[in-house]
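Q: Structure here, sequence nowhere to be found:
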């Protein structure tokens with residue numbers, strides 16, 4: 001099974017995508033399954049993991065309804081606010097849906113990422129870790145230090161770091177990101193999505209070669225069993241088309257990677273991580 005482990009759909013009229021504005025014309029329109037499925041067919045992808053794009057419970061409900069109508073949506077990563085005392089009630093309701101696969105913590109949007117180390121947040125996360133619930137972690141590279149401390153406090157977390165931790169590829173960020181990601185990879189339950197890279201490069205003048213060191217570092221430290229391909233479509237359209245995003249990853253793969261390793265990257269690992 002070949003899977004795109006990270007993509008989004010949205011309907012602008014829903015009104016809770018505060019970050020998608022008319023000032024971003026490439027994204028300021030509806031993106032729904034009919035727009036993506038031709039790309040999935042071209043690349044032989046059996047389906048996708050649909051990931052939340054708005055920090056609301058209602059958007060998760062929207063995605064689950066969409067999943068009911070769309071066979072290619074294999075799993076939904078919804079949203080939960082672990083600071084909300086009712087987070088468990090929302091989770092229990094979502095988890096009754098057969099395509100609810102995980103939820104995502106949007107650390108990226110927190111003005112102070114250290115809030116994830118507050119006792120109530122850590123306690124909530126320990127509860128989900130104890131239940132082996134898959135959790136996506138959306139972060140930027142500068143937030144890796146508190147994330148590493150969180151992993152030390154919740155070492156059994158089944159988690160996946162989205163978008164390789166968002167290093168600033170456009171400014172050649174490397175050493176601090178590479179070291180911090182190596183520390184994250186030391187936790188056996190942590191995986192990494194090779195996704196979202198092209199939008200961290202210069203949108204107008206990137207080239208394929210600049211991504212190879214980042215991809216190869218992630219593959220080396222996480223190994224073939226804890227990495228997943230994700231297109232981050234349609235956000236990737238800010239800088240590249242679907243074909244180009246796949247080509248970025250394909251060109252960066254080590255020559256030693258054969259069919260088995262590639263099948264894990266492009267589907268098997270996502271199937272296992274999200275318990276599809």
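A: Nice, I can see it. Not measured: the values here are computed from a predicted model.
Q: Partner strands of the strand or helix carrying residue 75 and their direction?
A: Per DSSP states H and E: residue 75 is located in strand 73-79. Paired neighbours of strand 73-79 in the sheet (DSSP bridges): strand 47-51 (parallel), strand 100-106 (parallel).
Q: Touching the longest one from outside, list them.
A: Same thing as strand 100-106. 49, 51-52, 55, 60, 64, 74-80, 82, 91, 94, 116, 133-138, 162, 274-276 (CB atoms under 8 Å, 6 or more residues apart in numbering). C-beta here means a position set from N, CA and C on the backbone, and glycine is covered the same way.
Q: For those residues, which ChimeraX command selects only the ones that are buried?
A: Burial among those is assessed by 16 or more other CB atoms under 10 Å; the matching ChimeraX selection reads:
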select :49,51,52,55,60,64,74,75,76,77,78,79,80,82,91,94,116,133,134,135,136,137,138,162,274
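Q: helices or strands next to the strand or helix carrying residue 220 in the packing?
A: Secondary structure from DSSP H and E places residue 220 in helix 212-222. Secondary-structure packing of helix 212-222 (3 or more CB pairs under 8 Å, 6 or more residues apart in numbering; DSSP states H and E): helix 175-185, strand 190-194, helix 242-252.
Q: now for the ones you listed, which one comes closest to residue 4?
A: Of all the helices and strands packed on helix 212-222, the one in closest proximity to residue 4, counting by CB to CB, is helix 242-252 (8.9 Å).
Q: Quick check: nearest residue in space to residue 268, chain neighbours excluded?
A: Computed as CB to CB, 6 or more residues apart in numbering, the closest residue to residue 268 that is not its neighbour in sequence is residue 1, at 7.2 Å.
Q: quick one: contacts for that neighbour?
A: Per CB under 8 Å, 6+ apart, neighbours of residue 1: 46-47, 267-268, 271.
Q: From these, list just the buried residues.
A: 47, 267-268, 271.
Q: Pull the most distant pair out of those.
A: Largest separation among the buried ones among the contacts of residue 1 by CB to CB: 47 and 268, giving 13.3 Å.
Q: Any figure for the gap between the residue nearest to residue 268 and residue 231?
A: 16 Å (CB to CB, to the nearest Å).
Q: same deal with residue 26?
A: Applying CB to CB to residue 26 and residue 231 gives a distance of 15 Å.
Q: Neighbour count: these two, which is higher?
A: residue 231 (28 against 12; other CB atoms under 10 Å).
Q: Test my guess that the more buried one contacts residue 4.
A: Yes - assessed by CB atoms under 8 Å, residue 231 is found in contact with residue 4 at 5.1 Å.
Q: export the contacts of residue 1 to CSV and tack on secondary structure, distance to residue 221 and pLDDT?
A: Shown next, in CSV, are the contacts of residue 1 (DSSP: H, G, I helix; E, B strand; the rest coil; distance: CB to CB, whole Å; pLDDT from 0 to 100):
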residue, secondary structure, distance to residue 221, pLDDT
46, coil, 28, 98
47, strand, 28, 98
267, helix, 21, 98
268, helix, 19, 98
271, helix, 22, 98
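Q: which pair in those residues spans the largest distance?
A: Largest separation among those by CB to CB: 47 and 268, giving 13.3 Å.
Q: which element follows the strand holding residue 75 toward the C-terminus?
A: Counting by DSSP H and E, the next helix or strand C-terminal to strand 73-79 is helix 87-95.
Q: Report all helices and strands that that following helix contacts.
A: Here helix 87-95 touches helix 57-69, strand 100-106, helix 119-130, going by 3+ CB pairs under 8 Å, 6+ apart.
Q: Count the neighbours of the closest residue to residue 62 other than its chain neighbours for me.
A: What sits nearest to residue 62 in space, not counting adjacent residues and going by CB to CB, 6+ apart, is residue 14, at 6.4 Å. Residue 14 sits with 13 neighbouring residues when counted by other CB under 10 Å.
Q: Tell me the spacing between residue 14 and residue 120.
A: Residue 14 is 29 Å from residue 120, by CB to CB.
Q: repeat for residue 58
A: Counting by CB to CB, the gap from residue 58 to residue 120 is 24 Å.
Q: Which residue lies nearest the spatial centre of this protein?
A: residue 162 (3.6 Å; CA atoms, centre = their mean).
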